[in-house]
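**Student:** structure for this input, please:
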Amino acid sequence: MRPRFLASFCVGLYLLSAIASIGGAEKLNVLFIAVDDLNTSLGCYGDPQVKSPNIDRLAARGVRFDRAYCQFPLCSPSRVSLLTGLRPQTTRIFELKTDFRTILPDAVTLPQCFRHGGYFAARVGKLFHYGVPGGIGTSGLDDPGSWQQVVNPRGRDKDDEHLVINYTPKRGLGSAMSFLKAEGTDEEQTDGIGATEAIKLLEAHRDEPFFLGVGFYRPHTPYVAPKKYFDLYPLNQIKIAANPADDQDDIPELAEQVRPLNYGLSDSQLCECKQAYFASISFMDAQVGRLLDALDRLKLADRTIVVLWGDHGYLLGEHGQWMKQSLFEESARVPLIVAAPGQKGNGQGCERTVETIDIYPTLADLCGLSAPSNLAGTSLRPLLENPRAPWDRPAYSEVARGGRSVRTERWRYTEWNGGRDGVELYDHTADPREFKNLAKDPAQAKTVAELRGLLHMNFGEVSVK
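**Tutor:** Presented below is the predicted three-dimensional model:
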(Lines give C-alpha, C1' and ligand atoms only; values in the text may rest on other atoms or scores of the structure.)
Protein backbone atom coordinates (compact mmCIF):
# COMPACT_ATOMS: atom_id res chain seq x y z
CA MET A 1 0.00 0.00 0.00
CA ARG A 2 1.08 3.59 -0.55
CA PRO A 3 2.01 5.34 2.75
CA ARG A 4 -0.79 7.91 2.46
CA PHE A 5 -3.41 5.25 1.69
CA LEU A 6 -2.12 3.08 4.52
CA ALA A 7 -2.42 5.98 6.98
CA SER A 8 -6.01 6.66 5.88
CA PHE A 9 -6.82 2.95 6.11
CA CYS A 10 -5.47 2.84 9.68
CA VAL A 11 -7.49 5.91 10.65
CA GLY A 12 -10.57 4.18 9.24
CA LEU A 13 -9.94 1.11 11.38
CA TYR A 14 -9.47 3.36 14.41
CA LEU A 15 -12.83 5.07 13.74
CA LEU A 16 -14.61 1.74 13.56
CA SER A 17 -13.10 0.65 16.88
CA ALA A 18 -14.01 4.00 18.48
CA ILE A 19 -17.62 3.71 17.38
CA ALA A 20 -17.79 0.10 18.54
CA SER A 21 -16.44 1.03 21.96
CA ILE A 22 -19.15 3.47 22.97
CA GLY A 23 -21.78 0.83 23.61
CA GLY A 24 -25.13 1.74 25.02
CA ALA A 25 -24.12 3.19 28.39
CA GLU A 26 -24.86 6.84 29.18
CA LYS A 27 -21.83 8.87 28.19
CA LEU A 28 -20.01 11.26 30.47
CA ASN A 29 -19.53 14.79 29.18
CA VAL A 30 -16.19 16.62 29.28
CA LEU A 31 -15.60 20.27 30.12
CA PHE A 32 -11.93 20.87 29.35
CA ILE A 33 -10.65 24.21 30.69
CA ALA A 34 -7.27 25.37 29.38
CA VAL A 35 -5.68 28.40 31.04
CA ASP A 36 -2.94 30.37 29.32
CA ASP A 37 0.30 30.86 31.29
CA LEU A 38 -1.17 29.75 34.62
CA ASN A 39 1.26 28.45 37.22
CA THR A 40 0.38 26.91 40.59
CA SER A 41 -0.21 30.26 42.29
CA LEU A 42 -3.60 29.04 43.52
CA GLY A 43 -5.14 28.62 46.93
CA CYS A 44 -5.67 24.89 46.45
CA TYR A 45 -1.95 24.51 45.70
CA GLY A 46 -1.04 26.19 48.96
CA ASP A 47 -0.40 29.72 47.78
CA PRO A 48 -1.06 31.91 50.84
CA GLN A 49 -1.89 35.04 48.88
CA VAL A 50 -3.73 34.26 45.63
CA LYS A 51 -7.51 34.19 45.84
CA SER A 52 -8.90 31.44 43.61
CA PRO A 53 -12.11 30.27 45.33
CA ASN A 54 -13.67 28.69 42.26
CA ILE A 55 -10.67 26.64 41.18
CA ASP A 56 -10.31 25.69 44.84
CA ARG A 57 -13.88 24.34 44.94
CA LEU A 58 -13.22 22.38 41.76
CA ALA A 59 -10.16 20.85 43.45
CA ALA A 60 -12.32 19.99 46.47
CA ARG A 61 -14.46 17.76 44.27
CA GLY A 62 -11.63 16.41 42.15
CA VAL A 63 -8.02 15.24 42.35
CA ARG A 64 -5.33 17.93 42.41
CA PHE A 65 -2.11 16.71 40.83
CA ASP A 66 0.78 18.29 42.74
CA ARG A 67 3.53 17.01 40.45
CA ALA A 68 2.14 17.48 36.95
CA TYR A 69 4.54 18.61 34.20
CA CYS A 70 4.24 19.90 30.67
CA GLN A 71 6.45 18.44 27.96
CA PHE A 72 7.55 21.80 26.58
CA PRO A 73 7.07 25.06 28.54
CA LEU A 74 5.87 27.15 25.62
CA CYS A 75 2.28 27.55 24.46
CA SER A 76 2.06 25.86 21.05
CA PRO A 77 4.41 22.92 21.66
CA SER A 78 2.69 22.17 24.98
CA ARG A 79 -0.83 22.41 23.59
CA VAL A 80 -0.09 20.32 20.52
CA SER A 81 1.55 17.69 22.71
CA LEU A 82 -1.47 17.42 25.00
CA LEU A 83 -4.09 17.56 22.25
CA THR A 84 -2.36 14.93 20.12
CA GLY A 85 -1.13 12.83 23.06
CA LEU A 86 2.37 12.83 21.56
CA ARG A 87 5.71 14.11 22.79
CA PRO A 88 7.33 17.14 21.11
CA GLN A 89 10.02 14.94 19.58
CA THR A 90 7.18 13.28 17.66
CA THR A 91 5.09 16.36 16.83
CA ARG A 92 8.23 18.37 15.91
CA ILE A 93 6.51 21.50 17.17
CA PHE A 94 9.11 23.57 19.02
CA GLU A 95 7.94 27.13 18.29
CA LEU A 96 4.78 29.20 17.77
CA LYS A 97 4.31 29.33 13.99
CA THR A 98 4.12 25.81 12.58
CA ASP A 99 0.76 24.10 12.02
CA PHE A 100 1.14 20.58 13.42
CA ARG A 101 -0.95 19.20 10.52
CA THR A 102 1.93 19.90 8.15
CA ILE A 103 3.89 17.30 10.11
CA LEU A 104 1.16 14.97 11.37
CA PRO A 105 -1.69 15.20 8.83
CA ASP A 106 -3.43 12.06 10.08
CA ALA A 107 -3.14 12.55 13.84
CA VAL A 108 -6.39 12.03 15.75
CA THR A 109 -6.63 14.84 18.28
CA LEU A 110 -8.31 14.59 21.68
CA PRO A 111 -11.50 16.38 20.56
CA GLN A 112 -11.53 14.33 17.34
CA CYS A 113 -11.46 11.17 19.42
CA PHE A 114 -14.65 12.36 21.10
CA ARG A 115 -16.24 13.44 17.80
CA HIS A 116 -15.61 9.98 16.42
CA GLY A 117 -17.17 8.54 19.56
CA GLY A 118 -20.46 10.34 18.97
CA TYR A 119 -19.83 13.52 20.96
CA PHE A 120 -20.57 17.12 20.05
CA ALA A 121 -17.16 18.83 20.12
CA ALA A 122 -16.83 22.59 20.41
CA ARG A 123 -14.20 25.15 21.30
CA VAL A 124 -14.44 28.60 22.88
CA GLY A 125 -11.23 30.62 23.01
CA LYS A 126 -7.67 29.30 22.92
CA LEU A 127 -7.15 25.53 22.81
CA PHE A 128 -4.63 25.17 20.01
CA HIS A 129 -2.18 28.04 19.75
CA TYR A 130 -2.56 31.56 18.57
CA GLY A 131 -0.77 34.65 19.68
CA VAL A 132 -1.85 36.70 22.69
CA PRO A 133 -2.87 39.42 22.45
CA GLY A 134 -2.38 39.67 18.67
CA GLY A 135 -4.50 36.68 17.72
CA ILE A 136 -7.41 37.29 20.09
CA GLY A 137 -10.65 37.15 18.09
CA THR A 138 -9.15 34.88 15.41
CA SER A 139 -8.72 31.13 15.01
CA GLY A 140 -4.92 31.34 14.83
CA LEU A 141 -3.38 27.88 14.54
CA ASP A 142 -6.62 26.11 15.40
CA ASP A 143 -7.34 22.68 13.95
CA PRO A 144 -10.71 22.95 12.15
CA GLY A 145 -11.22 19.20 11.92
CA SER A 146 -11.18 18.90 15.71
CA TRP A 147 -14.42 20.81 16.26
CA GLN A 148 -18.00 21.03 15.07
CA GLN A 149 -18.37 24.57 16.36
CA VAL A 150 -15.91 27.27 17.40
CA VAL A 151 -16.23 30.67 19.07
CA ASN A 152 -13.43 33.24 19.03
CA PRO A 153 -14.31 35.79 21.72
CA ARG A 154 -12.97 39.32 21.50
CA GLY A 155 -13.41 41.84 24.30
CA ARG A 156 -12.59 45.39 25.23
CA ASP A 157 -9.11 44.34 26.31
CA LYS A 158 -8.26 44.32 22.59
CA ASP A 159 -9.65 47.81 22.10
CA ASP A 160 -7.85 49.11 25.19
CA GLU A 161 -4.39 47.78 24.33
CA HIS A 162 -3.12 51.33 23.81
CA LEU A 163 -3.68 51.88 27.54
CA VAL A 164 -1.45 48.99 28.62
CA ILE A 165 1.59 49.91 30.72
CA ASN A 166 4.65 48.15 29.30
CA TYR A 167 7.82 48.19 31.40
CA THR A 168 9.76 46.35 28.66
CA PRO A 169 8.81 48.38 25.56
CA LYS A 170 11.31 46.62 23.31
CA ARG A 171 9.32 43.41 23.80
CA GLY A 172 5.97 42.79 22.15
CA LEU A 173 2.99 42.72 24.50
CA GLY A 174 2.78 38.92 24.30
CA SER A 175 6.12 38.59 26.09
CA ALA A 176 6.32 41.89 27.91
CA MET A 177 6.17 42.90 31.54
CA SER A 178 2.91 44.73 30.91
CA PHE A 179 -0.47 45.21 32.54
CA LEU A 180 -3.73 47.15 32.62
CA LYS A 181 -6.16 47.88 35.42
CA ALA A 182 -9.20 47.66 33.19
CA GLU A 183 -12.39 49.67 33.31
CA GLY A 184 -15.76 48.01 32.92
CA THR A 185 -17.18 44.63 33.85
CA ASP A 186 -15.92 41.08 33.67
CA GLU A 187 -18.39 40.32 30.89
CA GLU A 188 -16.80 42.95 28.63
CA GLN A 189 -13.40 41.28 28.72
CA THR A 190 -12.46 38.54 26.26
CA ASP A 191 -12.49 35.86 28.95
CA GLY A 192 -15.82 37.10 30.28
CA ILE A 193 -17.30 36.88 26.78
CA GLY A 194 -15.77 33.42 26.43
CA ALA A 195 -17.45 32.23 29.62
CA THR A 196 -20.78 33.61 28.42
CA GLU A 197 -20.47 31.83 25.07
CA ALA A 198 -19.41 28.57 26.72
CA ILE A 199 -22.48 28.69 28.98
CA LYS A 200 -24.68 29.14 25.90
CA LEU A 201 -23.15 26.00 24.41
CA LEU A 202 -23.76 24.08 27.64
CA GLU A 203 -27.39 25.16 27.56
CA ALA A 204 -27.83 24.28 23.89
CA HIS A 205 -26.20 20.83 24.11
CA ARG A 206 -27.13 19.73 27.61
CA ASP A 207 -29.16 16.80 26.26
CA GLU A 208 -26.39 15.23 24.17
CA PRO A 209 -22.88 14.08 25.07
CA PHE A 210 -20.40 16.91 24.60
CA PHE A 211 -16.70 17.70 24.71
CA LEU A 212 -16.43 21.43 25.33
CA GLY A 213 -12.99 23.04 25.32
CA VAL A 214 -12.83 26.47 26.93
CA GLY A 215 -9.55 28.35 26.67
CA PHE A 216 -9.00 31.38 28.90
CA TYR A 217 -6.34 33.96 27.97
CA ARG A 218 -5.49 35.38 31.35
CA PRO A 219 -3.16 35.43 33.15
CA HIS A 220 -1.10 35.60 29.91
CA THR A 221 0.62 38.94 29.52
CA PRO A 222 -0.43 41.69 29.12
CA TYR A 223 -1.92 41.09 32.56
CA VAL A 224 -5.37 42.64 32.09
CA ALA A 225 -8.16 42.45 34.66
CA PRO A 226 -10.88 44.77 35.96
CA LYS A 227 -9.64 47.08 38.70
CA LYS A 228 -11.51 45.29 41.48
CA TYR A 229 -9.19 42.29 41.12
CA PHE A 230 -6.10 44.46 41.60
CA ASP A 231 -7.67 45.69 44.83
CA LEU A 232 -7.43 42.14 46.20
CA TYR A 233 -3.63 42.46 46.24
CA PRO A 234 -2.33 45.65 47.90
CA LEU A 235 1.11 46.47 46.55
CA ASN A 236 2.60 46.66 50.02
CA GLN A 237 1.77 42.98 50.43
CA ILE A 238 3.46 41.85 47.20
CA LYS A 239 6.94 40.41 47.69
CA ILE A 240 9.61 39.71 45.13
CA ALA A 241 11.01 36.18 45.01
CA ALA A 242 14.03 35.98 47.32
CA ASN A 243 17.06 34.35 45.71
CA PRO A 244 20.45 33.69 47.38
CA ALA A 245 23.23 36.05 46.42
CA ASP A 246 25.21 33.17 44.90
CA ASP A 247 22.19 31.65 43.11
CA GLN A 248 23.68 32.12 39.63
CA ASP A 249 27.05 30.57 40.47
CA ASP A 250 26.07 26.97 39.71
CA ILE A 251 23.41 27.55 37.03
CA PRO A 252 24.44 26.81 33.41
CA GLU A 253 24.21 29.89 31.22
CA LEU A 254 21.64 28.30 28.90
CA ALA A 255 19.33 27.62 31.83
CA GLU A 256 18.59 31.33 32.04
CA GLN A 257 16.07 32.60 29.53
CA VAL A 258 15.86 36.11 31.00
CA ARG A 259 18.93 38.34 30.76
CA PRO A 260 19.52 40.72 32.42
CA LEU A 261 17.96 39.15 35.48
CA ASN A 262 14.44 40.42 36.13
CA TYR A 263 14.74 42.30 32.82
CA GLY A 264 16.63 44.96 34.78
CA LEU A 265 13.41 46.32 36.28
CA SER A 266 13.13 48.01 39.66
CA ASP A 267 11.63 46.24 42.65
CA SER A 268 8.54 48.43 42.49
CA GLN A 269 7.98 47.61 38.82
CA LEU A 270 8.37 43.89 39.51
CA CYS A 271 5.83 44.11 42.32
CA GLU A 272 3.34 45.86 40.05
CA CYS A 273 3.70 43.10 37.46
CA LYS A 274 3.30 40.38 40.05
CA GLN A 275 0.23 42.11 41.46
CA ALA A 276 -1.22 42.25 37.94
CA TYR A 277 -0.50 38.55 37.35
CA PHE A 278 -2.32 37.64 40.56
CA ALA A 279 -5.23 39.96 39.66
CA SER A 280 -5.50 38.25 36.28
CA ILE A 281 -5.66 34.85 37.98
CA SER A 282 -8.50 35.96 40.24
CA PHE A 283 -10.38 37.42 37.26
CA MET A 284 -9.97 34.18 35.31
CA ASP A 285 -11.00 32.21 38.40
CA ALA A 286 -14.29 34.13 38.51
CA GLN A 287 -15.00 33.03 34.94
CA VAL A 288 -14.29 29.42 35.90
CA GLY A 289 -16.82 29.90 38.68
CA ARG A 290 -19.45 30.94 36.15
CA LEU A 291 -18.89 27.70 34.23
CA LEU A 292 -19.13 25.57 37.37
CA ASP A 293 -22.30 27.39 38.41
CA ALA A 294 -23.79 26.67 34.98
CA LEU A 295 -23.01 22.96 35.30
CA ASP A 296 -24.83 22.92 38.63
CA ARG A 297 -27.79 24.94 37.36
CA LEU A 298 -28.19 22.72 34.30
CA LYS A 299 -27.84 19.57 36.43
CA LEU A 300 -24.81 18.51 34.41
CA ALA A 301 -22.27 18.28 37.23
CA ASP A 302 -23.06 14.64 38.04
CA ARG A 303 -22.34 13.52 34.48
CA THR A 304 -19.54 15.86 33.42
CA ILE A 305 -15.80 15.36 33.82
CA VAL A 306 -14.11 18.71 34.44
CA VAL A 307 -10.42 19.14 33.70
CA LEU A 308 -8.54 22.35 34.48
CA TRP A 309 -5.05 22.60 33.10
CA GLY A 310 -2.37 25.26 32.63
CA ASP A 311 -0.37 24.89 29.42
CA HIS A 312 2.93 25.42 31.25
CA GLY A 313 4.25 26.95 34.42
CA TYR A 314 5.36 30.53 34.93
CA LEU A 315 8.29 32.06 36.75
CA LEU A 316 7.71 35.18 38.83
CA GLY A 317 11.28 36.20 39.58
CA GLU A 318 12.64 32.88 40.82
CA HIS A 319 16.34 32.78 39.84
CA GLY A 320 15.71 36.24 38.34
CA GLN A 321 13.60 34.62 35.62
CA TRP A 322 10.11 35.49 34.40
CA MET A 323 7.52 33.70 32.32
CA LYS A 324 8.33 30.39 30.58
CA GLN A 325 10.81 28.61 28.27
CA SER A 326 12.83 27.43 31.26
CA LEU A 327 13.36 24.02 32.82
CA PHE A 328 13.22 25.22 36.39
CA GLU A 329 10.42 23.69 38.44
CA GLU A 330 8.23 26.80 38.34
CA SER A 331 8.24 26.76 34.53
CA ALA A 332 7.77 23.04 33.85
CA ARG A 333 5.24 22.31 36.60
CA VAL A 334 1.59 22.95 35.78
CA PRO A 335 -1.71 23.01 37.64
CA LEU A 336 -3.84 19.99 36.79
CA ILE A 337 -7.19 19.17 38.38
CA VAL A 338 -9.48 16.35 37.26
CA ALA A 339 -12.98 16.06 38.71
CA ALA A 340 -14.88 13.03 37.44
CA PRO A 341 -18.25 11.76 38.65
CA GLY A 342 -17.90 8.80 40.99
CA GLN A 343 -14.11 8.80 41.28
CA LYS A 344 -12.93 7.88 44.77
CA GLY A 345 -10.00 10.27 45.12
CA ASN A 346 -12.03 13.47 45.11
CA GLY A 347 -10.79 16.25 47.36
CA GLN A 348 -7.29 14.81 47.58
CA GLY A 349 -3.90 15.82 46.29
CA CYS A 350 -1.75 13.40 44.32
CA GLU A 351 2.03 13.54 44.71
CA ARG A 352 2.79 11.12 41.89
CA THR A 353 4.76 12.48 38.93
CA VAL A 354 2.47 12.80 35.89
CA GLU A 355 2.64 14.44 32.48
CA THR A 356 0.15 16.44 30.47
CA ILE A 357 0.29 13.80 27.72
CA ASP A 358 -1.53 11.57 30.24
CA ILE A 359 -4.70 13.67 29.93
CA TYR A 360 -5.76 12.34 26.51
CA PRO A 361 -5.65 8.63 27.43
CA THR A 362 -7.27 9.43 30.78
CA LEU A 363 -10.31 11.10 29.27
CA ALA A 364 -10.69 8.42 26.62
CA ASP A 365 -10.49 5.77 29.33
CA LEU A 366 -13.03 7.46 31.61
CA CYS A 367 -15.48 7.88 28.71
CA GLY A 368 -15.06 4.39 27.29
CA LEU A 369 -13.52 5.53 24.00
CA SER A 370 -10.80 3.80 22.03
CA ALA A 371 -7.78 6.10 21.94
CA PRO A 372 -5.16 5.83 19.16
CA SER A 373 -2.57 3.18 19.94
CA ASN A 374 0.40 5.54 19.52
CA LEU A 375 -0.35 7.84 22.46
CA ALA A 376 2.73 8.47 24.60
CA GLY A 377 0.96 8.89 27.94
CA THR A 378 -1.03 6.58 30.16
CA SER A 379 -4.41 6.82 31.86
CA LEU A 380 -4.48 8.45 35.28
CA ARG A 381 -7.57 6.48 36.29
CA PRO A 382 -5.70 4.52 39.02
CA LEU A 383 -4.62 7.81 40.63
CA LEU A 384 -8.13 9.24 40.39
CA GLU A 385 -9.33 6.24 42.35
CA ASN A 386 -6.41 6.27 44.78
CA PRO A 387 -4.03 9.26 44.61
CA ARG A 388 -1.44 7.24 46.57
CA ALA A 389 -1.50 4.26 44.24
CA PRO A 390 1.90 2.89 43.12
CA TRP A 391 3.27 4.85 40.16
CA ASP A 392 6.79 4.91 38.78
CA ARG A 393 6.57 7.05 35.65
CA PRO A 394 8.92 10.07 35.53
CA ALA A 395 8.07 13.29 33.66
CA TYR A 396 10.08 14.72 30.78
CA SER A 397 10.30 18.34 29.62
CA GLU A 398 12.45 20.12 27.06
CA VAL A 399 13.13 23.55 25.58
CA ALA A 400 14.38 24.59 22.16
CA ARG A 401 17.91 25.67 23.14
CA GLY A 402 19.09 22.15 23.89
CA GLY A 403 17.68 21.66 27.38
CA ARG A 404 16.11 18.36 28.40
CA SER A 405 14.95 17.44 31.86
CA VAL A 406 13.59 14.46 33.78
CA ARG A 407 11.59 14.81 36.99
CA THR A 408 10.94 12.06 39.51
CA GLU A 409 9.13 12.50 42.81
CA ARG A 410 12.42 13.47 44.48
CA TRP A 411 14.80 14.67 41.79
CA ARG A 412 15.09 16.98 38.80
CA TYR A 413 17.97 16.27 36.42
CA THR A 414 18.64 18.53 33.42
CA GLU A 415 21.19 18.48 30.63
CA TRP A 416 22.00 21.25 28.18
CA ASN A 417 23.02 19.96 24.75
CA GLY A 418 23.69 16.49 26.05
CA GLY A 419 25.66 17.83 29.00
CA ARG A 420 28.20 19.76 26.93
CA ASP A 421 26.76 23.08 28.08
CA GLY A 422 25.93 22.18 31.63
CA VAL A 423 24.15 19.72 33.90
CA GLU A 424 21.80 20.32 36.83
CA LEU A 425 20.60 18.07 39.65
CA TYR A 426 18.23 19.22 42.37
CA ASP A 427 16.98 17.32 45.39
CA HIS A 428 13.39 18.46 45.90
CA THR A 429 13.18 16.86 49.31
CA ALA A 430 15.83 19.23 50.68
CA ASP A 431 15.82 21.99 48.07
CA PRO A 432 12.36 22.54 46.51
CA ARG A 433 13.35 25.90 45.01
CA GLU A 434 16.36 24.43 43.21
CA PHE A 435 19.06 26.63 44.70
CA LYS A 436 21.80 23.99 45.08
CA ASN A 437 22.98 22.21 41.94
CA LEU A 438 24.28 18.80 43.02
CA ALA A 439 25.31 17.56 39.58
CA LYS A 440 29.04 17.71 40.42
CA ASP A 441 28.70 16.33 43.95
CA PRO A 442 30.58 12.99 44.06
CA ALA A 443 28.05 11.73 46.61
CA GLN A 444 25.34 11.99 43.93
CA ALA A 445 27.22 10.20 41.14
CA LYS A 446 24.92 7.18 41.27
CA THR A 447 21.81 9.37 41.18
CA VAL A 448 23.20 11.31 38.23
CA ALA A 449 23.93 8.09 36.35
CA GLU A 450 20.43 6.72 36.97
CA LEU A 451 18.69 9.91 35.91
CA ARG A 452 20.95 10.34 32.90
CA GLY A 453 19.91 6.86 31.84
CA LEU A 454 16.22 7.77 32.14
CA LEU A 455 16.73 10.99 30.23
CA HIS A 456 18.60 9.40 27.36
CA MET A 457 16.24 6.45 27.21
CA ASN A 458 13.40 8.89 26.56
CA PHE A 459 15.19 11.28 24.20
CA GLY A 460 17.45 8.74 22.53
CA GLU A 461 20.71 10.56 23.14
CA VAL A 462 24.22 9.24 23.69
CA SER A 463 25.65 10.05 27.10
CA VAL A 464 28.23 12.82 27.17
CA LYS A 465 30.92 12.29 29.81
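**Student:** now for whichever helix in the chain runs longest, which elements pack on it?
**Tutor:** In the chain, assigned by DSSP state H, the helix with the most residues is helix 267-297. Packing partners of helix 267-297 (3 or more Cβ pairs under 8 Å, 6 or more residues apart in numbering; DSSP states H and E): strand 29-35, helix 53-60, strand 178-182, helix 190-204, strand 210-216, strand 223-226, helix 227-230, strand 304-310. Quick note: C-beta positions are derived from backbone N, CA and C, even for glycine.
**Student:** and Thr414, how far from Leu327?
**Tutor:** Separation of Thr414 from Leu327 (Cβ to Cβ, to the nearest Å) stands at 5 Å.
**Student:** so where do the strands sit in the stretch 351-465 of the chain?
**Tutor:** With DSSP state E, counting those that start in this stretch, the ranges of strands along the stretch 351-465 of the chain come out as 395-399, 403-407, 411-416, 423-427.
**Student:** that older thread, got JSON lines for the helices and strands packed on helix 267-297, with mean pLDDT, mean neighbour count and distance to Ala255 too?
**Tutor:** Shown next, in JSON lines, are the helices and strands packed on helix 267-297 (pLDDT from 0 to 100; neighbours: other Cβ atoms under 10 Å; distance: least, Cβ to Cβ, whole Å):
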{"stretch": "strand 29-35", "mean pLDDT": "98", "mean neighbour count": "24", "distance to Ala255": "26"}
{"stretch": "helix 53-60", "mean pLDDT": "98", "mean neighbour count": "20", "distance to Ala255": "30"}
{"stretch": "strand 178-182", "mean pLDDT": "98", "mean neighbour count": "23", "distance to Ala255": "25"}
{"stretch": "helix 190-204", "mean pLDDT": "98", "mean neighbour count": "21", "distance to Ala255": "33"}
{"stretch": "strand 210-216", "mean pLDDT": "98", "mean neighbour count": "26", "distance to Ala255": "29"}
{"stretch": "strand 223-226", "mean pLDDT": "98", "mean neighbour count": "28", "distance to Ala255": "25"}
{"stretch": "helix 227-230", "mean pLDDT": "98", "mean neighbour count": "19", "distance to Ala255": "32"}
{"stretch": "strand 304-310", "mean pLDDT": "98", "mean neighbour count": "23", "distance to Ala255": "21"}
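**Student:** point out where the stretch 1-150 of the chain drops to low pLDDT.
**Tutor:** Counting by pLDDT under 70, the stretch 1-150 of the chain has low-confidence residues at 1-25.
**Student:** show me the strands in it, by range?
**Tutor:** Ranges of strands in the stretch 1-150 of the chain, per DSSP E, counting those that start in this stretch, are 29-35, 63-69, 120-125, 149-151.
**Student:** related to what we said a few turns ago, so what sits against both of Thr414 and Leu327?
**Tutor:** Applying Cβ atoms under 8 Å, 6 or more residues apart in numbering, one finds that Thr414 and Leu327 are jointly contacted by 255, 403-405, 424.
**Student:** of these - the most surrounded one?
**Tutor:** Counting neighbours by other Cβ atoms under 10 Å, the top entry in the shared contacts of Thr414 and Leu327 is Ser405, with 28 neighbours.
**Student:** quick one on the thing from earlier: and the helices and strands packed on helix 267-297: which comes nearest His116?
**Tutor:** Checking these against His116 by Cβ to Cβ gives strand 210-216 as the closest, at 10.9 Å.
**Student:** that closest one pairs with which strands, parallel or anti?
**Tutor:** With DSSP bridges as the test, strand 210-216 is paired with strand 29-35 (parallel), strand 120-125 (parallel).
**Student:** and the shortest one with helix 267-297, angle?
**Tutor:** Think strand 120-125. Interaxial angle, strand 120-125 versus helix 267-297 (axes from the mean of the first three to the mean of the last three Cα atoms, to 10 degrees): 150 degrees.
**Student:** returning to that earlier point: among the strands paired with strand 210-216, which comes closest to Ala364?
**Tutor:** With distances scored as Cβ to Cβ, the stretch of the strands paired with strand 210-216 nearest to Ala364 is strand 29-35 (10.1 Å).
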